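Peer 1: what's the 3D shape of this:
(chains A and B)
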Amino acid sequence: MLTIGKRDKETLLDPLFRAGRGFYALIGVLIVIMGWGLFMYIRQIVLGLGVTGMDRPAYWGIYMVNFIFFIGISHAGTLISAILRVTQAEWRRPITRIAEAITAFALVVGTLQIFFDLGRPDRVLYLFWYGRLQSPLLWDAVSVTAYFLGSLTYLYLPIIPDVALLRDNLPADAPAWRERLYAIMALGWRGNRTQWIRLEKTIAVMAVLIIPVAISVHTVISWILATTVQPGWHSTVFGPYFVVGAIFSGIGALFIAMTLARRVMHLEAYITDRQYRNLGYIFITMSAIWFYFTYAEYMTLAAGQGAAEFPILASKLWGAFSPGFWAMVLAMVVAFVVLVFPLILPNSWRKYRIFNPRFTLASAVAFGLAMLLLQVPETEDALAGLSLGLSPIALKIIALVAGVLFIVSILPWLKRHLIDAMVIASGLVLIGMWLERWNIIVPTMVSPRLAPSSWYTPTLTEWSLFAASIALFIFMFALFFKVVPAVSVWEVREGRVIDHVHSQEIMPMPEPSLPARGAMRRSLEETEPTY
Amino acid sequence: MNFPMDEPLFQFLYWIINTPGVGGIVVAVETILIVIAVSLSLRWIKRGADAPEREQFAYPTPALHHYEPKRRGFGGL
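Peer 2: Reported below is the predicted structural model:
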């Protein structure tokens, strides 16, 4: 019989057998949202795709945006679990399972979007009956299939020792179905040396294999767009650009998921500042790489001034799609500031008046008022009524300055609340990445090459299925972590031993360098043998 | 310059990538191979429990790989 420490049992295993009102309320709300989504989907099948905003030539809309978005956040598991496991980053241990779960569930939700996008979902079989290997859609089927099966395996393998622990430490009042489930999932796990070595070898092989598969998935998704000659899509940089964006949004999803798990399941002793800080460094790096690729992509389009490409770029920069584009840029810039500046801000800066909470509140109010007044259709009349004499341009400048001051003044608070800062940045990154997918898909779709332009606005059906998709993702997440511990128990226990051994090591002091012009150095040099 | 399609190899490659249905076969073969590989790996791990070793460990450490286990003796576990 496998044993577990009291604290680990109370924190990680026992809550799996308890569920409060909050849990049932959450599940109820999610079921209602999913039920509404199912109703709208059935309605879409019955009435046809006319109930969506999609029409010739805009065949792809919010469903395709969601497909790329969810497949993108599925890269969390690959990055955190596989790459960090291969590089033996010890701090990964408490968050690997959450990351792997995100991968599996995001792939399920992402793949569903393809069915939503097809007016006749049965026609997905045509891809297999009549699919030719020259089609990027088929490459996508190949890589997503490999990634999904690989991710499920990669999620399951480290679970085996933990479900064996559950099997051997079940409470007396545990339901029979759990007993059977854990016995089946544990695969007769005994925890002897041979089993451990075989398990670790299999996980190591999977970790190495899953990395190129994951990279291929988002590269191929980008090739669905880039292998066409549609303006704005025919780009060689799309492959790495999509992979970087996927990993970036994956880390954002992981931050939010691990924070929720930490607070709801009281995992503060397991998921600590160490995980947030180290993952935050990777997040910042990915943010910088994303900015680089975004600039490279848009700069070449702007410099090329292509007859078909430039109008689409213009529609993003100052045309009909500019709100979405600049909202993406703003979200990403603010996320970068929120991530980086608290780390480099010295504590002594708190003495300056600008970091006063009252100043933060005042700048927030000024920003809010300026934005509110900008939304009023007859802004100038309204302002004249207020006798402020401010033009819309002045209001925009006030909003910009107040916004910047708000972010700057809140930095010391973010520095003191590292986890909150990471969650805020993650939320902004997820919004920004969703908008990025929107900005890539929709502007080109409504103005394709050799076809008249059109317009696309998502309908209630599409928004409902979007909400249902998010609800399904949370639903799977919530149920899964009522069956399996959110933290990999055996990996954390192994990590504790390794950390303890490392703490016993005594780092020797560096050898003092000899004085450059001292007599001792000269004498040493003179006495040293020469070869 | 000779057009490569004169070569049987290129004719075969052309057939592979342009024939409807071959893509579906590739996905099916890929799925079957992955499922077989995963099943065999899980079976291999499961059969590790049959090894004649007395000790059970709640977690591994790198030292476990170099550890000489105590074998089951006569009338042992």
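
Peer 1: Residue 21 - how many residues pack around it?
Peer 2: Going with chain A. Residues within reach of residue A:21, counting by other CB atoms under 10 Å in any protein chain shown, total 7. Glycine gets a C-beta too; all of them are placed from N, C-alpha and C.

Peer 1: switch to chain B, that's the one I care about
Peer 2: The number of residues packed near residue B:21 is 12, by other CB under 10 Å.

Peer 1: cool, residue A:186 as well?
Peer 2: Burial of residue A:186 is recorded as 22 neighbouring residues (other CB under 10 Å).

Peer 1: tell me which parts of chain B are close to chain A?
Peer 2: Residues of chain B found near chain A (CB under 8 Å from any CB of the partner chain) are B:16-24, B:26-28, B:30-31, B:34-35, B:38, B:41-42, B:44-46, B:48-49, B:51, B:53, B:55-62, B:64-65, B:67, B:69.

Peer 1: These, buried ones only, as a ChimeraX selection?
Peer 2: Command for ChimeraX that selects the buried part of the residues of chain B next to chain A, burial taken from 16 or more other CB atoms under 10 Å in any protein chain shown:
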select /B:22,23,24,26,27,30,34,38,41,42,45,46,48,49,51,53,56,57,58,59,60,64
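
Peer 1: Helices of the stretch 1-150 of chain A, residue ranges please.
Peer 2: Listed in chain order, the helices found in the stretch 1-150 of chain A under DSSP state H, counting those that start in this stretch are A:6-8, A:21-47, A:62-73, A:75-77, A:84-86, A:96-117, A:126-129, A:136-156.

Peer 1: So which elements touch the longest one?
Peer 2: Spelled out, it's helix A:21-47. Using 3 or more CB pairs under 8 Å, 6 or more residues apart in numbering or on different chains; DSSP states H and E as the contact criterion, the secondary-structure elements in contact with helix A:21-47 are helix A:460-480.

Peer 1: and the helix it packs on with helix A:136-156, angle?
Peer 2: On the basis of axes from the mean of the first three to the mean of the last three CA atoms, to 10 degrees, helix A:460-480 is oriented at 30 degrees to helix A:136-156.

Peer 1: what element comes up after helix A:460-480 heading to the C-terminus?
Peer 2: helix A:489-504 (DSSP states H and E).

Peer 1: buried set for that next one?
Peer 2: By 16+ other CB under 10 Å, the buried positions in helix A:489-504 come out as A:489-495.

Peer 1: Near chain B, list only the ones from those.
Peer 2: Filtering these for neighbours of chain B using CB under 8 Å from any CB leaves A:489-491, A:493-494.

Peer 1: I'd like to know how many residues surround residue 39.
Peer 2: In the absence of a named chain, this looks at chain A. When neighbours are defined as other CB under 10 Å, residue A:39 has 13 of them.

Peer 1: that's the wrong chain, I wanted chain B
Peer 2: Other residues near residue B:39 number 11, with proximity taken as other CB under 10 Å.

Peer 1: swap in residue A:351?
Peer 2: Taking other CB under 10 Å as the criterion, the count of residues near residue A:351 is 7.

Peer 1: Find the closest residue to chain B in the stretch 201-350 of chain A.
Peer 2: In the stretch 201-350 of chain A, no residue comes nearer to chain B than residue A:202, which is 5.0 Å away by CB to the nearest CB.

Peer 1: Sticking with that residue, tell me its helix or strand.
Peer 2: Secondary structure assigned from DSSP H and E places residue A:202 in helix A:193-226.

Peer 1: Between helix A:62-73 and that helix, find me the angle.
Peer 2: Counting by the same axes, to 10 degrees, helix A:193-226 points 140 degrees away from the direction of helix A:62-73.

Peer 1: In helix A:193-226, which residues are buried?
Peer 2: Of the residues in helix A:193-226, A:193-200, A:202-203, A:206-207, A:209-210, A:213-226 count as buried by neighbour count, 16+ other CB under 10 Å.

Peer 1: circling back to that earlier point, of the helices of the stretch 1-150 of chain A, which is nearest residue A:258?
Peer 2: Proximity to residue A:258, assessed across these by CB to CB, is greatest for helix A:96-117 (5.1 Å).

Peer 1: Just the CA atoms of the closest one, as PDB, please.
Peer 2: What follows is helix A:96-117 as a C-alpha-only set of coordinates in PDB (Å, rounded to 0.1, in the frame of the first residue of the first chain):
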ATOM      1  CA  THR A  96       2.700  20.600 -14.700                       C
ATOM      2  CA  ARG A  97      -0.600  18.900 -14.200                       C
ATOM      3  CA  ILE A  98      -2.600  22.100 -14.600                       C
ATOM      4  CA  ALA A  99      -0.700  22.900 -17.800                       C
ATOM      5  CA  GLU A 100      -1.200  19.400 -19.200                       C
ATOM      6  CA  ALA A 101      -4.900  19.600 -18.500                       C
ATOM      7  CA  ILE A 102      -5.200  22.900 -20.300                       C
ATOM      8  CA  THR A 103      -3.600  21.300 -23.300                       C
ATOM      9  CA  ALA A 104      -6.000  18.400 -23.500                       C
ATOM     10  CA  PHE A 105      -9.200  20.400 -22.800                       C
ATOM     11  CA  ALA A 106      -8.200  23.300 -25.100                       C
ATOM     12  CA  LEU A 107      -7.700  20.800 -27.900                       C
ATOM     13  CA  VAL A 108     -11.100  19.400 -27.400                       C
ATOM     14  CA  VAL A 109     -12.800  22.800 -27.400                       C
ATOM     15  CA  GLY A 110     -10.600  24.000 -30.300                       C
ATOM     16  CA  THR A 111     -11.500  21.000 -32.500                       C
ATOM     17  CA  LEU A 112     -15.200  21.600 -31.700                       C
ATOM     18  CA  GLN A 113     -15.000  24.900 -33.500                       C
ATOM     19  CA  ILE A 114     -14.400  23.100 -36.800                       C
ATOM     20  CA  PHE A 115     -17.800  21.400 -36.400                       C
ATOM     21  CA  PHE A 116     -19.400  24.700 -35.500                       C
ATOM     22  CA  ASP A 117     -18.000  26.300 -38.600                       C
END
